[in-house]
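>>> Structure for the following, please:
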Amino acid sequence: MSDELLAQLDTWHEEDEFQEIVDAIMEIPEEERDYVLTSHLGRALNNLGQYEEGLEQFLTIAEEGEEDPLWHYRIGVSYYYLKQYEEALKAFTAADQLEPDDEDTLEFLGWIRRKLAKRTAKKPMNKPVKKPVMAFDFSNFWDDSEYALEEYVSDPPTDEMVASVQEELVFKLPAFYVDMMRLHNGGIPINNRYPNSETGESITISGILGIGREKNKSLCGASGSRFMIENGGYPEVGVVICDCPSENEVIMLDYREFGNDGEPEVIHVDRDNKYKITRLADNFETFIRGLTN
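The predicted structure follows:
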């Protein structure tokens, strides 16, 4: 293995050219791949969302990786996104013991413990307890500026429109969100900040995308969810529900935990920070009720 190849692999990783890494390493016969090359291959497969294949690679070098915190971290990522949370917990715990207080490791441990706590509590899947949307006071919620009305706000969606948008997105929209959009379909909220418990600061949103296609900033509009995911390289975990003042960050509905028909969590994705995902709220209703000015 040449230093030139390792340098090229690192460059491709920094440029998010993960398929290039996979293609280059797969050209090398399996028996000639050492620990470092297999680690690069597994990491690239994880970054491409091919977690089963990544896990297979890491397991082939398990004995060599026993004392390597990066090996435990990377196989933990595979287990986490395969929803094998008990195995992920073991892996990240080992990584933390070998390299204490790593920020990314601690973040994954927090996510895993929350998910395991939900399972222990036997939280009903796909049937969250909800308050009627009418119980929320929307009288001073929206800032109906000329810009908001032009870019975001559509007529209330019909049942047919809701079904059509959900079919196009391939995700079931949260009931609270749908009911909310029937009252006011998209727009700019007066309270546009949500506290980030990890940093102690707040994340600002520009607006909430409505259900439709006509308006530029609606879920299936010209600058809607699919446009932002495909053009911004955001993770394929669900639906972009809010845009932000910076074009390099979005608020998304994350369906990984309960599936495309389940109740999604709300996350913030920061493209400038290697697409760092920060969990904000258990569901969309909690997010809306937590917005501040």
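>>> What mean pLDDT does stretch 202-217 get?
Mean pLDDT, stretch 202-217: 96.
>>> and it, C-alpha only, in PDB?
Written as PDB, here are the backbone C-alpha positions of stretch 202-217 (Å, rounded to 0.1, in the frame of the first residue of the first chain):
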ATOM      1  CA  SER A 202     -30.700  28.600  19.500                       C
ATOM      2  CA  ILE A 203     -31.200  27.500  15.900                       C
ATOM      3  CA  THR A 204     -33.100  29.900  13.700                       C
ATOM      4  CA  ILE A 205     -35.500  28.900  11.000                       C
ATOM      5  CA  SER A 206     -36.600  31.000   8.100                       C
ATOM      6  CA  GLY A 207     -39.900  29.400   7.500                       C
ATOM      7  CA  ILE A 208     -42.000  26.200   7.600                       C
ATOM      8  CA  LEU A 209     -42.700  24.600   4.300                       C
ATOM      9  CA  GLY A 210     -46.400  24.000   3.500                       C
ATOM     10  CA  ILE A 211     -48.100  21.100   1.800                       C
ATOM     11  CA  GLY A 212     -48.200  21.600  -1.900                       C
ATOM     12  CA  ARG A 213     -46.300  22.300  -5.100                       C
ATOM     13  CA  GLU A 214     -47.300  25.700  -6.300                       C
ATOM     14  CA  LYS A 215     -45.300  27.900  -3.900                       C
ATOM     15  CA  ASN A 216     -41.500  28.000  -4.200                       C
ATOM     16  CA  LYS A 217     -41.000  27.000  -0.500                       C
END
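>>> what's the distance between that stretch and the middle of its chain?
17 Å (C-alpha atoms, centre = their mean, to the nearest Å).
>>> contacts for the strand or helix carrying M228?
M228 belongs to helix 225-232 when assigned by DSSP states H and E. With contacts defined as C-beta atoms under 8 Å, 6 or more residues apart in numbering, helix 225-232 is touched by 168-169, 209, 219-221, 234-236, 239-241, 243, 247-248, 250, 271. Every C-beta, even on glycine, is put in place using the N, C-alpha and C of the backbone.
>>> In strands only, show me the residues you listed.
Among the contacts of helix 225-232, the ones falling in strands (DSSP state E) are V239, V240, I241, D243, V250.
>>> what sits against the first one?
Going by C-beta under 8 Å, 6+ apart, V239 touches L169, F171, L173, L219, S225, M252, L253, Y255, P264.
>>> Now do the fifth one against S154, distance only.
S225 sits 15 Å away from S154, taking C-beta to C-beta, to the nearest Å as the criterion.
>>> How about the second one?
As defined by C-beta to C-beta, F171 lies at a distance of 19 Å from S154.
>>> Equivalent analysis for P174, please.
In terms of C-beta to C-beta, P174 sits 18 Å off from S154.
>>> L41 too?
Distance from L41 to S154, by C-beta to C-beta: 46 Å.
>>> so which of the ones in strands among the contacts of helix 225-232 is the most crowded?
The residue in the ones in strands among the contacts of helix 225-232 with the most neighbours, by other C-beta atoms under 10 Å, is V239 (26 neighbours).
>>> The closest residue to L59 other than its chain neighbours: neighbour count?
Nearest residue to L59, sequence neighbours excluded (C-beta to C-beta, 6 or more residues apart in numbering): I75, at 7.5 Å. The number of residues packed near I75 is 27, by other C-beta under 10 Å.
>>> where's I75, which helix or strand?
helix 69-81.
>>> now that helix: how far from the chain's centre is it?
With C-alpha atoms, centre = their mean, you get 17 Å for helix 69-81.
>>> one step back: of the ones in strands among the contacts of helix 225-232, which pair is most distant in space?
V239 and D243 (12.3 Å; C-beta to C-beta).
>>> Could you dump the ones in strands among the contacts of helix 225-232 into TSV and include distance to M180 and pLDDT?
Below are the ones in strands among the contacts of helix 225-232 laid out as TSV (distance: C-beta to C-beta, whole Å; pLDDT from 0 to 100):
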residue	distance to M180	pLDDT
V239	15	97
V240	17	97
I241	11	98
D243	17	96
V250	19	97
